[in-house]
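Visitor: Sharing a model that was predicted from the sequence below.
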Amino acid sequence: MTAKSLALMLYLLIFSQITFAEKLYAELGTTYNFTKIDNLNFSQIALETRIGYYFIPQIGAEFHVAKGLTDDTKKGLTTELDYNTGIGVRFESPVINQARVFITLGYSQTVLSMTKQTSSFPGDGTFNSPSAGIGGEIITGKIKNLSIYGKYTHLFDQDGVRISSIGLGAKYDF
Amino acid sequence: MIFKDLILPASKCLGLCSIYITLIILQGCEGDTDTFKEAVFIADNNIESFQIQAINSIIEPNQTQQYSALATITNQAEAEDITSKVTWSSSEPAIASIASSGLVTGNSDGTVIISAKLADLTNTTSLSVSSAELNSITISTNVPSVPVCSNSTQLTANGFYEDSTNRDITESVSWSSADESIATVDNTGKLTALSHGNASITATKNSITSNQLTIAITDTLSDITLSPTDKSLIENDTQSYIATGNYSNGQQTTITEVATWSIADTSGNSTDVATISNDNGSKGVATAAKAGSAIVKASCNALFATTGLTVTEALAVTAVTINDDEETVDVSLSGSDKEVQLTATATLADSSTEDVTEKAAWFVDETVSGTSVTISSEAGSKGLITATAVGETIIKAHYSDITTEITIKVTD
């Protein structure tokens, strides 16, 4: 992650805490990542965690990081998700029938590694891009403040390389 | 109240949005796409290695020369041209620079290493730039006599320089024919035989004229025959015609690429019933446009041959099925059924059927399934599936605005 990203992320978090800090939330889940490079499709499973603040009701600022758990090999090329991290803003709908939908807008960095069977080429690749996601959340009611979410996130799309993910996990509102 | 409930949240939202927009403007979208795509290109196309080649290892200042990169493909005898895929570079651009297309330009005397790189594959060759004076030119061909209207014959010009080097200068000399009614030579050294006689050819560069090369244009063309004859086509169908030259010595030679092709109506006037190509590589390929009758004509010099062509209206396609409307096809990763030919059949408005396997567009529907098979879109093998992994894949065939699908189940 570049110095510019870090500076802006810190600015965003400090700005949120000082001015708007009202409610913290955290997520833990798994994502199924899709990476399409020209004609080849790769997929990886990753573990993702996310923390955020609702600085006004239904709008939160958040940070996430995901680490790949599995790799995928196609045509002798193995790809792994080294990590995906990013910051963003989450916009939620009101809760209706114990459920709500949300969208996220942010900026993410995905680091993939690709290796051939006979060499480590081409190695790591970094993909930075604005990201956007949409999902739904069901408030279970069995454990207070706990909800289950599912979402789709578009992470990168440029020059024939497309990265996206679907995720499933639990969210806890502190 | 209004300030707390409305203006304050709105200002917070606006503030955050402006941070997000600033972030996007500062960062944009960037990634190591080229390196990954090159690795995928090599893997997807089964490229083992590649070689680079050019006509000469020595060029003159201000002269250009095209380099090409030819890939060796696993289980494929024919090399594949990947010139546009590799990254070209010169060790000393002040001596010779190279464009991304592989076109090198000599700039000053010296020797450079020309490199081509594709992912982790690299190849190099040496190139010298020399301003040595041209002393003489020798032109030659390995074909001493050429039949009239035969395929173009390649001539070669070799330049001998004051530094005792010699090089192919075929494409940098000016070619001339003493009698252009007998033969002509184009800028690339290709000779076209037009009529019986002796063709006297020379080449010139830097005021130096080559030896005179005499080529006998022999074997007068007796007549031309066309095949197929009296063909019936449906609208939008194509048909490749072949013109055969029958020579006075009894020899027969295909002159499809040399002949001039035309289509007229039965009165000899222009028609829009069909078109026929005179482009190199597709000469003699007729395309039916609308119902009617026409005459296909192939000519060379004063001789020509004709044949009738009837175009009928295309019947509407009411349905397209794959493998007689089967829902699934089972294939295995090993054994004889690793490759299976799918067949697409169109049902026409009159209830007749037509095999459209080669006419249909075949593709894997990756949006709803995995990719456990590949499908050929090459002419002659369209619809041929090859199992690559265990799983299910949906294959679709599209023809005449109708798309149909079949599920392929791949087992071990």
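Guide: Right, received. Where do you want to start? In this text, all values refer to a predicted model and were calculated from it rather than measured experimentally.

Visitor: okay, CA-based contacts and neighbour counts for the rest of this
Guide: Noted.

Visitor: Please see if the helix or strand where residue B:393 lies touches chain A.
Guide: Here residue B:393 sits within strand B:391-399, counting by DSSP states H and E. No. Strand B:391-399 does not reach chain A (C-alpha under 8 Å from any C-alpha of the partner chain); its nearest approach is 13.8 Å.

Visitor: List the contacts of residue B:358.
Guide: By C-alpha atoms under 8 Å, 6 or more residues apart in numbering or on different chains, the contact set of residue B:358 is B:379-383.

Visitor: Can you tell me the closest non-neighbouring residue to the residue positioned nearest the centre of chain B?
Guide: Central residue of chain B (C-alpha atoms, centre = their mean): residue B:281, 8.7 Å from the mean position. Nearest residue to residue B:281, sequence neighbours excluded (C-alpha to C-alpha, 6 or more residues apart in numbering or on different chains): residue B:257, at 7.5 Å.

Visitor: Quick one: residues contacting the closest residue to residue A:38 other than its chain neighbours.
Guide: Spatial nearest neighbour of residue A:38, chain neighbours left out: residue A:160 (5.2 Å); criterion: C-alpha to C-alpha, 6+ apart. Under the criterion of C-alpha under 8 Å, 6+ apart, the contact list for residue A:160 reads A:36-38, B:33, B:37.

Visitor: Keep only those of those residues that are in helices.
Guide: Judged by DSSP state H, these include B:33, B:37 as members of helices.

Visitor: hmm, back to that, can you check the contacts of residue B:358 and name whichever has the most neighbours?
Guide: Neighbour counts for those (other C-alpha atoms under 10 Å in any protein chain shown) peak at residue B:383, which has 27 neighbours.

Visitor: by contact count, what packs against the helix or strand residue A:78 falls within?
Guide: Using DSSP H and E, residue A:78 sits in strand A:77-92. Applying 3 or more C-alpha pairs under 8 Å, 6 or more residues apart in numbering or on different chains; DSSP states H and E, one finds that strand A:77-92 contacts strand A:40-56, strand A:59-68, strand A:71-74, strand A:99-116.

Visitor: ok, for residue B:36, nearest residue in space, not its chain neighbours?
Guide: Here the nearest residue to residue B:36 in space, its sequence neighbours aside, is residue A:122; by C-alpha to C-alpha, 6+ apart that works out to 6.6 Å.

Visitor: ok so, going back, make a markdown table from the helices and strands packed on strand A:77-92 and add mean pLDDT to it.
Guide: What follows is those, written out as a markdown table (pLDDT from 0 to 100):
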| stretch | mean pLDDT |
| --- | --- |
| strand A:40-56 | 93 |
| strand A:59-68 | 93 |
| strand A:71-74 | 90 |
| strand A:99-116 | 92 |
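
Visitor: Dump the ones you listed to a markdown table, plus distance to chain B and mean neighbour count.
Guide: As requested, the helices and strands packed on strand A:77-92 are exported to a markdown table (distance: least, C-alpha to the nearest C-alpha, whole Å; neighbours: other C-alpha atoms under 10 Å in any protein chain shown):
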| stretch | distance to chain B | mean neighbour count |
| --- | --- | --- |
| strand A:40-56 | 6 | 21 |
| strand A:59-68 | 8 | 22 |
| strand A:71-74 | 8 | 17 |
| strand A:99-116 | 7 | 21 |
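
Visitor: Indicate which one of those is closest to residue B:355.
Guide: strand A:40-56 (31.1 Å; C-alpha to C-alpha).

Visitor: quick one: strands adjacent to that closest one?
Guide: strand A:23-37 (antiparallel), strand A:59-68 (antiparallel) (DSSP bridges).

Visitor: Which among those strands is found nearest to residue A:140?
Guide: strand A:23-37 (14.6 Å).

Visitor: who's in contact with the closest one?
Guide: Applying C-alpha under 8 Å, 6+ apart, the contact partners of strand A:23-37 are A:41-55, A:160-174, B:36-37, B:40.

Visitor: Let me see the mean pLDDT of that strand.
Guide: In this model, strand A:23-37 has an average pLDDT of 94.

Visitor: what angle separates that strand from strand A:99-116?
Guide: 40 degrees (axes from the mean of the first three to the mean of the last three C-alpha atoms, to 10 degrees).

Visitor: Okay, buried residues for strand A:23-37 please.
Guide: Buried residues in strand A:23-37, counted by 16 or more other C-alpha atoms under 10 Å in any protein chain shown: A:24-37.

Visitor: Go through the very next helix or strand once past the strand holding residue B:393 and flag the buried ones.
Guide: The first helix or strand that comes after strand B:391-399 along the chain, using DSSP H and E, is strand B:402-411. The neighbour-count check on strand B:402-411 (16+ other C-alpha under 10 Å) flags B:404-411 as buried.

Visitor: do stretch A:165-174 as well
Guide: Using 16+ other C-alpha under 10 Å as the test for burial, stretch A:165-174 gives A:165-173.

Visitor: Check these against residue B:173 and report the nearest one.
Guide: Nearest to residue B:173 out of the buried residues of stretch A:165-174 is residue A:165 (C-alpha to C-alpha; 59.8 Å).

Visitor: Can you verify my assumption that that closest one contacts residue A:152?
Guide: Yes. Residue A:165 lies in contact with residue A:152 (C-alpha atoms under 8 Å); the separation is 5.8 Å.
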